[in-house]
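> Following is a predicted model, sequence given first.
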Amino acid sequence: MGMPDLKIKILVVDDFSTMRRIVKNILKQLGYSDIDEAEDGVQALSMLKSGKYQFVVSDWNMPNMTGLDLLKAVRAEPSIKDIKFLMVTAEALTENVMAAVQAGVSNYIVKPFTAETLKEKIEKIF
Amino acid sequence: MSETSVKEGLSEIIDATRAMSEGDFSRDINTKMQGEMGELARYIDKTRKSLQKLDPAATVTANNIPHASNQLFDIAKATEEGTHKVLSITEKILDNQDAISNMVKELRDVATSKVVDSSAILKIARDVEAATSQNKDDLVEILTSLSFQDLTGQKIKKIVALVEDVETRILEILIAFGIKKMDEGKRHDMMEQLKVADPALKQDLVDDILKNLGM
């Protein structure tokens, strides 16, 4: 636990452009500057396979590939299976949280969230 | 056709139609009869089969409609509350901006006075720092507050899917009963134009319509 390296490369995944922009802005305020975006799991997975990212912040409900399926795909891919993965989602049901934990999620935030919550959760991950 | 077979034929049609009027679309009708009886039987059986297909689908769709109304109400409420929250924070920031402006004026006064009071300058510097720091926090809070758009947007997507489903069901019913659409001429054209119009152009279109109505 502690402050992660502010130079890490982060991927923000959400089908809502407004949400990607909000998360990116808050991460910038927290000191991170190397942040890319993806609008669904499929695009995210191909970007992650490049091996350049250390951290993924992803929504759950997305077309083409859900956040959960993206998580599972990442954990199943040897070259990127240890990427830190933060699920940020409106889905707050127990079974969702459990499914995410079982799939190997690093942490889980429920929308709407505050900048403080995001900061705390990130510090817990790294 | 013999009298008995006419009676039997009619009887079967009556039973099936009575069942349909009670929501039971499962009764087969003998469609092999000759003549007008046969035509009647075939038409009713065709309608029966269409309604049978519609029935379970329509029930599922109908069950989702009250849920959709609640969701729409929630969305209206969420966007209103979200907007108020952002407005409140914006008002706070604007007040702070005025305060900072005043501090800067004060700073100029102190700096241009005959005897420059360093401690006064330092105090003003601290006040400005505090005010700008507060504004920064408030601006970040605006960022997170705007996430209501994502939540309402997701709900809207689901309702759009439901509405498309309802449109499909209605179309199926129209087709099943062979109801034709009425042509509405100029009014229809104007409705179509309104749908695709740029919001800025809509006022012109509205004014045009009003003019046509003599206003």
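Noted; the coordinates are in hand.

> In chain A, where is pLDDT below threshold?
Across chain A, the ranges flagged by pLDDT under 70 are A:1-3.

> Do a quick rundown of the helices in it.
A:17-29, A:41-48, A:67-76, A:94-102, A:115-125 (DSSP state H).

> For chain A, what lies in contact range of chain B?
Counting by C-beta under 8 Å from any C-beta of the partner chain, the residues of chain A close to chain B are A:14, A:16, A:18-19, A:22, A:25-26, A:29, A:61, A:90, A:111-115. Heads up, the C-betas are built off the backbone N, CA and C, glycines and all.

> Can I get the helices of chain A in a markdown table including mean neighbour count?
Converted to a markdown table, the helices of chain A look like this (neighbours: other C-beta atoms under 10 Å in any protein chain shown):
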| stretch | mean neighbour count |
| --- | --- |
| helix A:17-29 | 19 |
| helix A:41-48 | 20 |
| helix A:67-76 | 21 |
| helix A:94-102 | 14 |
| helix A:115-125 | 16 |
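
> Just put those helices in JSON lines and tack on distance to B:V110.
Converted to JSON lines, these look like this (distance: least, C-beta to C-beta, whole Å):
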{"stretch": "helix A:17-29", "distance to B:V110": "33"}
{"stretch": "helix A:41-48", "distance to B:V110": "54"}
{"stretch": "helix A:67-76", "distance to B:V110": "56"}
{"stretch": "helix A:94-102", "distance to B:V110": "57"}
{"stretch": "helix A:115-125", "distance to B:V110": "35"}
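
> of the residues of chain A next to chain B, closest to B:I121?
Using C-beta to C-beta, A:Q29 is the member of the residues of chain A next to chain B that sits closest to B:I121, with 29.5 Å.

> Tell me how far stretch B:76-88 lies from the chain's centre.
On the basis of C-alpha atoms, centre = their mean, to the nearest Å, stretch B:76-88 sits 18 Å off its chain's mean C-alpha point.

> So which bits of it are buried?
Within stretch B:76-88, the residues scored as buried using 16 or more other C-beta atoms under 10 Å in any protein chain shown are B:A78, B:G82, B:K85, B:V86.

> From the residues you listed, which land in strands?
Residues of these located in strands (DSSP state E): none.

> ok, back up a step: of the residues of chain A next to chain B, which pair is most distant in space?
Spatial extent of these (C-beta to C-beta) is set by the pair A:Q29 and A:N61 at 25.3 Å.

> Show me what secondary structure element comes after the lengthiest helix in chain B.
In chain B, with assignment by DSSP H, the single longest helix is helix B:35-112. As assigned by DSSP states H and E, the chain's next helix or strand after helix B:35-112 is helix B:118-145.

> quick one: that following helix to helix A:115-125, angle?
Interaxial angle of helix B:118-145 relative to helix A:115-125 (axes from the mean of the first three to the mean of the last three C-alpha atoms, to 10 degrees): 80 degrees.
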